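[1] mind folding the following:
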Amino acid sequence: MDARHRRSRAKLAEAVLRLASERPIDEVTASEIAAAAGVNRSTFYAHAASPLALLESVLREELDTLRDRHLASVPRAGAAEAVTAVTLAVLSNIESHAAIYERGLLADGRADGRADGGHRGETSLRPMLAAHFEESSRQLLAQHALFPSDEDEAADPLLAAMVGPFVANGSVGAIAAWLEQPEPRDPEAFLRSYRRLVPSWFPLAPH
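    Model (predicted):
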């Protein structure tokens, strides 16, 4: 990506995050985002097929950056601390975009007062967030950071296939429940409850 493309991307990212924090992304147009970013529509479409696609891409990039920072080359002995750190970082990131995630994850659409469902089909952020967590689980599995011994993974390929979706969808549901709590939301409270939910093989630092 050349410098001009990076600058346009940064402007579009800032614009879509601002507009999506003000109202549902399905009410935001590509023309609005392009105008707010100071670029033309063709530049917008060089980066994304739709406002939702751009929003998902920007949010996913932020989350992936946190994963790369905390989970790259994690030894099994340090997995619990690394997973705890990245979980807190992800919660902080989600809280920084609370209005966007409330609309994209909560069933009652409370962020904008709608009663028609805050994560209706095509505007749901659940698939994006689940895909991020699923990839994180795959990386931890590849680094032998999830199960007590390498033999557990090698002996059961179905286990390896199931672990990503299992962790991902449960984590998304847990985060949605956390977002439904009144502000200010406490990441440490999330961790306390999350520790009680996850299986014994999932690495989290103790209290």
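
[2] could you use CA atoms for every contact and neighbour count after this?
    Will do.

[3] how much space separates Asn40 from His47?
    Separation of Asn40 from His47 (Cα to Cα, to the nearest Å): 12 Å.

[4] I meant to write Arg69 there.
    Arg69 is 25 Å from His47, by Cα to Cα.

[5] over to Ala99?
    Summarising the geometry, the distance separating Ala99 from His47, computed by Cα to Cα, is 23 Å.

[6] what's downstream of the helix-or-strand element of the chain with minimal mean pLDDT, the next helix or strand?
    With mean pLDDT, DSSP states H and E as the measure, the helix or strand of the chain carrying the lowest mean pLDDT is helix 150-155 (a mean of 58). The helix or strand immediately downstream of helix 150-155 is helix 157-179, counting by DSSP states H and E.

[7] got phi/psi on Thr29?
    Torsion angles at Thr29 (phi, psi; degrees, to the nearest 10) stand at phi -100, psi 160.

[8] what's the neighbour count on it?
    Neighbourhood size, Thr29 [other Cα atoms under 10 Å]: 15.

[9] so what's it up against?
    Pro51 (Cα atoms under 8 Å, 6 or more residues apart in numbering).

[10] and the host helix or strand of Leu191, which residues are buried?
    Element membership of Leu191 [criterion: DSSP H and E] is helix 187-197. When burial is assessed from 16 or more other Cα atoms under 10 Å, helix 187-197 yields the following buried residues: Pro187, Phe190, Leu191, Tyr194, Arg195.

[11] tell me the one among those residues nearest to Leu204.
    Taking Cα to Cα as the measure, Leu204 sits nearest to Arg195 out of the buried residues of helix 187-197, at 7.0 Å.

[12] nearest spatial neighbour of the closest one, skipping sequence neighbours?
    Closest residue to Arg195 in three dimensions, ignoring its sequence neighbours and counting by Cα to Cα, 6 or more residues apart in numbering: Leu204, at 7.0 Å.

[13] point me to the helix or strand that includes the residue nearest the centre of the chain.
    If you average the C-alpha coordinates of the chain and look for the closest C-alpha using Cα atoms, centre = their mean, you land on Leu129, 3.7 Å from that point. For Leu129, the element it lies in under DSSP H and E is helix 126-142.

[14] and that helix with helix 157-179, angle?
    Going by axes from the mean of the first three to the mean of the last three Cα atoms, to 10 degrees, helix 126-142 is angled at 130 degrees with respect to helix 157-179.
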